[in-house]
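[1] task: produce atomic coordinates for the following.
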Amino acid sequence: MESNKLIALQNELRAHWGESTCSDFETFRIELAAKIHHCLIYDMAKLMSFLYRIDVLEKDFKAIMNNQYNLDVNALQLADKIIERSVQKINYSNKSNWKEC
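    This is a model prediction of the structure:
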């Protein structure tokens, strides 16, 4: 992932997950998965609220959680889904801004 896209992604998620200083995508993905893993164990309400705000579909969440994996794998899959949805929102925002000019 290009560094400017990573920065945009970090900015998109900063309000919900706090500051990230990761300089590469894979480290960022693992960091996000660790925060999700923590929420899966200790603060499911926070995670569900975040997934709602970021607009991750409930069916996607259920599909991931219904898999017979451990929480580490589920957290990585949720991180991927959050990243995917965030990139879609960033791309849509960039297209919208371009049309306004």
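
[2] which elements pack onto the longest helix along the chain?
    Across the chain, the longest stretch assigned as helix under DSSP state H is helix 71-100. Helix 71-100 is packed against helix 3-17, helix 25-42, helix 44-54, helix 58-66, with contacts defined by 3 or more C-beta pairs under 8 Å, 6 or more residues apart in numbering; DSSP states H and E. From N, CA and C alone the C-beta is placed, and that goes for glycine too.

[3] pull out the buried positions in that helix.
    74, 75, 76, 77, 78, 79, 81, 82, 83, 85, 86 (16 or more other C-beta atoms under 10 Å).

[4] for the residues you listed, which one is nearest residue 9?
    Nearest to residue 9 among the buried residues of helix 71-100, counting by C-beta to C-beta, is residue 86 at 5.6 Å.

[5] check contacts around that closest one.
    9, 12, 13, 54 (C-beta atoms under 8 Å, 6 or more residues apart in numbering).

[6] what is the burial count for the last one?
    By that I understand residue 54. 16 (other C-beta atoms under 10 Å).

[7] coming back round to it: how far off helix 25-42 does the longest helix of the chain point, in degrees?
    120 degrees (axes from the mean of the first three to the mean of the last three C-alpha atoms, to 10 degrees).

[8] how distant is helix 71-100 from the center of its chain?
    7 Å (C-alpha atoms, centre = their mean, to the nearest Å).

[9] for it, the averaged confidence score.
    Average pLDDT, helix 71-100: 82.

[10] stretch 28-45 now?
    Stretch 28-45 comes out at a mean pLDDT of 92.

[11] quick one: distance of that stretch to the chain centre.
    That offset, for stretch 28-45, works out to 10 Å (C-alpha atoms, centre = their mean).

[12] what are the contacting residues of it?
    6, 9-10, 13, 17, 20, 22, 46-47, 50, 71-72, 74-76, 78-80, 82-83.

[13] mind listing what the residue minimising distance to the centre of the chain touches?
    A centroid search over the chain (C-alpha atoms, centre = their mean) returns residue 82, at 2.8 Å, as the residue closest to the centre. By C-beta under 8 Å, 6+ apart, the contact set of residue 82 is 13, 32, 36, 51, 54, 56.
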